[in-house]
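*Asks:* Pasting a predicted model and its sequence here:
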Amino acid sequence: MEHKAYWALKFLNFDEALLGQKRKLQLLELEEMRLNAYESSRLYKENVKAYHDKKLLKKDFRPGQQVLLFNSRLKLFPGKLKCKWCGPFTIKEVKPYGAVELFDPESETLDRTWIVNGQRLKLYHGGNIKRLTIIMQLQDP
């Protein structure tokens with residue numbers, strides 16, 4: 001049986017040694033393509049990171065300034081026209097690496113402060129801001 005398979009391969013001009021070399025070359029080409037894909041992906045990620053880092057604005061805050069805070073967790077009433085900026089708040093202290101300590105000058109207790117990321121703040125230039133106060137009555141079902 002093996003003898004017939006050998007002659008069938010010979011008849012079709014298949015050489016096992018050449019087929020083995022061709023298969024090794026195909027595997028090497030595949031490995032090279034995989035490595036090129038990793039390199040291309042790494043370069044793409046570096047370029048995207050550089051682009052986004054370039055778009056970040058450096059914000060210099062000082063204690064005593066008034067700022068507005070972006071409230072990204074306000075999801076009770078979804079809508080495009082709802083203002084997600086709340087405040088104004090006063091900066092108590094600017095910490096390293098962009099952290100800012102805020103306090104609300106209109107609250108009853110002036111000792112209540114919290115720390116937020118400086119990227120969530122923008123300077124308040126004055127004007128009236130309606131403070132959103134919502135009272136929701138929750139009932140047991």
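*Replies:* Done, it's in.
*Asks:* in the biggest strand by length in the chain, what counts as buried?
*Replies:* Scanning the chain for the longest strand, with DSSP state E as the assignment, gives strand 85-94. Counting neighbours by 16 or more other C-beta atoms under 10 Å, one finds that the buried residues in strand 85-94 are 85, 87-91. Placement of C-beta: from N, CA and C, glycine included.
*Asks:* And E46, how close does it get to P63?
*Replies:* To P63, E46 is 37 Å away according to C-beta to C-beta, to the nearest Å.
*Asks:* just the helices in the chain please.
*Replies:* Under the criterion DSSP state H, the chain carries helices at the ranges 2-11, 16-55.
*Asks:* mean pLDDT lowest for which of these?
*Replies:* Looking over these, mean pLDDT reaches its minimum on helix 2-11, with a mean of 63.
*Asks:* one step back: helices or strands up against the longest strand of the chain?
*Replies:* With contacts defined as 3 or more C-beta pairs under 8 Å, 6 or more residues apart in numbering; DSSP states H and E, the secondary structure elements packing on strand 85-94 are strand 66-70, strand 99-103.
*Asks:* sorry, back to before: got the helices of the chain as JSON lines, with mean neighbour count and distance to D111 columns?
*Replies:* As requested, these are exported to JSON lines (neighbours: other C-beta atoms under 10 Å; distance: least, C-beta to C-beta, whole Å):
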{"stretch": "helix 2-11", "mean neighbour count": "9", "distance to D111": "89"}
{"stretch": "helix 16-55", "mean neighbour count": "10", "distance to D111": "37"}
